[in-house]
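>>> whatever this is, show me its structure:
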Amino acid sequence: MPSILQVKGRWRAQVRRHGQSTSRSFDTRCEAIEWATQVEATWPRQGPSGPHGLRLIGAPRGTGISYRE
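Just a heads-up that it's a prediction; the model follows:
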């Protein structure tokens with residue numbers, strides 16, 4: 001879910017997911033919401049447990065070794 005804040009008369013949209021963050025400033029709140037919604041839709045939905053919802057056991061995250069349901 002994006003964060004929309006008013007900062008010095010402008011609107012800042014911030015999107016965070018799985019330790020990654022991106023933000024951008026806009027003149028109107030509507031533009032900020034539209035951008036944040038689009039960014040959320042394009043970011044991969046891979047969760048912290050792995051690409052298929054399987055928990056990673058005994059190896060660093062992202063190595064693809066030893067998955068368990």
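
>>> for the protein, which segments count as helices?
Counting by DSSP state H, the chain has helices at residues 29-42.

>>> so where is the chain shaky, pLDDT-wise?
Under the criterion of pLDDT under 70, the regions of the chain flagged as low confidence span 44-69.

>>> make it 90
Applying pLDDT under 90 to the predicted model, the residue ranges of the chain that meet it are 1-3, 16-22, 39-69.

>>> ok, how many other residues are close to Gln38?
Burial measure for Gln38: 12 neighbouring residues, criterion other Cβ atoms under 10 Å. To be clear about C-beta, it is placed using only N, CA and C from the backbone, and glycine gets the same treatment.

>>> count of residues packed around the nearest residue to Arg16 once chain neighbours are set aside?
Nearest residue to Arg16 in three dimensions, chain neighbours excluded: Ser3, at 7.7 Å (Cβ to Cβ, 6 or more residues apart in numbering). Using other Cβ under 10 Å, Ser3 has 13 neighbouring residues.
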